[in-house]
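1. Mind folding the following:
(one chain, ligands or ions: 2)
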Amino acid sequence: MNIILLGPQGSGKGTIARSLAKDFGLIPISTGDLFRESIAKKGKLGLEAQKYMNKGVLVPLDLTIKILTSRINQPDCQKGVILDGFPRSLDQAKALEKIIKIDYCINIDLPHEECIRRVLERRICPKCHQGYNINWVKDNTCPKCGSKLVQRDDDKLEAVKIRLEVYEKTTAPLINFYSDRLLKISGLGSPEDVYKPVKAFLSKLGGKN
Ligand code: ADP
Ligand code: ZN
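-> Residues are numbered from 1 along each chain as shown. Ligands and ions are numbered 1, 2, ... in the order given. Purely as a prediction, here's the structure:
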């Protein structure tokens, strides 16, 4: 089973992806994380993508497809994947059709004021790549590995506003593209509240996988 997550910045896609990985054995793939990992290793793809990312605009299609397929073609992904941050445009959705079959699309709805508030409060662990809200962690330190948490370059207000605009204009129309296999949920509430209908929906399909 392959699933994609749609939802604006800060809507909690990464959190849902982690829960789905745990409960259903799906492999979570975030194109944003793949780019950031490549940047950290000074990889060619990452360094090319970085200038777009810092501005808050989409990385060109060819670079994004390259980084996605390098991950999706690894053997563990046979189990099924949960895509977080891909596709983000009609071009990407069409390209994806040629790579894997998408069974379901989960769309997370969240008002923009709440998206902005959450993104400005987001810090990430440079080692584990997991995001945390500054109010939920002690001493700005990663609860898993103890690293100092940092703010992403593109989580500053100006870039966040641009990213939300790009989301509404280019990514949100994908809801129509996936209308025949869509689950709509609200991103408001605790991570448990948000995940509940997702788990119920997928569990009904016949348990694991
Ligand atoms: P967010 O969803 O909060 O914007 P991500 O970590 O998913 O954060 O993405 C960060 C940046 O990486 C995006 O603003 C964009 O520049 C780039 N990026 C990630 N995924 C894609 C994609 N599918 N297509 C183009 N660019 C992407
Ligand atoms: Zn960590």
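2. Need the single longest helix in this structure, by residues.
-> Taking DSSP state H as the criterion, the chain has its longest helix at helix 191-204.
3. pLDDT below threshold where in the protein?
-> 206-209 (pLDDT under 70).
4. which residue is nearest the middle of it?
-> The centroid of the chain falls nearest to Asp84 when counting by C-alpha atoms, centre = their mean (2.9 Å).
5. Just to check, that one is in contact with Thr15?
-> No: at 9.6 Å, Asp84 does not count as touching Thr15 under the criterion of C-beta atoms under 8 Å. Any C-beta I mention is one placed from the backbone N, CA and C, and that applies to glycine too.
6. Roughly how far does the residue of the chain found nearest ligand 1 sit from Lys44?
-> Going by C-beta to the nearest ligand atom, ligand 1 is nearest to Gly32 of the chain, at 1.9 Å. Gly32 is 18 Å from Lys44, where distance means C-beta to C-beta, to the nearest Å.
7. the more surrounded of the two?
-> Remark: of Gly32 and Lys44, Gly32 carries more neighbours, 20 against 11, as counted by other C-beta atoms under 10 Å.
8. Report the secondary structure state of the most far-flung residue of the chain relative to its centre.
-> Farthest-out residue of the chain from its mean C-alpha position, per C-alpha atoms, centre = their mean: Asp139, at 25.9 Å. Secondary structure, DSSP: H, G, I helix; E, B strand; the rest coil: Asp139 is coil.
9. how close does it get to ligand 2?
-> Between Asp139 and ligand 2 the computed distance is 13 Å (C-beta to the ion, to the nearest Å).
10. and this protein, which residues reach ligand 1?
-> With C-beta under 6 Å from any ligand atom as the criterion, the chain meets ligand 1 at residues 9, 30-32, 35, 52-53, 56-59, 64, 85-86, 88, 92, 154, 163.
11. Of the residues you listed, grab the buried ones for ChimeraX.
-> Buried residues within those, by 16 or more other C-beta atoms under 10 Å, are selected in ChimeraX with:
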select :9,30,31,32,35,52,53,56,57,58,59,64,85,86,88,92,154,163
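12. The residues of the chain next to ligand 1 in strands, which ones?
-> In this view, those that belong to strands under DSSP state E are Ser30.
13. the strands in the chain, which residues?
-> Remark: strands assigned in the chain by DSSP E are 3-6, 27-30, 81-84, 104-109, 122-124, 131-133, 182-186.
14. Can you show me the CA trace of the fourth one as PDB?
-> By that I understand strand 104-109. Below are the C-alpha coordinates for strand 104-109, written out as PDB (Å, rounded to 0.1, in the frame of the first residue of the first chain):
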ATOM      1  CA  TYR A 104      -4.700   6.700  -1.000                       C
ATOM      2  CA  CYS A 105      -4.200  10.400  -0.500                       C
ATOM      3  CA  ILE A 106      -4.700  11.900   3.000                       C
ATOM      4  CA  ASN A 107      -5.400  15.600   3.000                       C
ATOM      5  CA  ILE A 108      -4.800  17.500   6.200                       C
ATOM      6  CA  ASP A 109      -6.600  20.800   6.500                       C
END
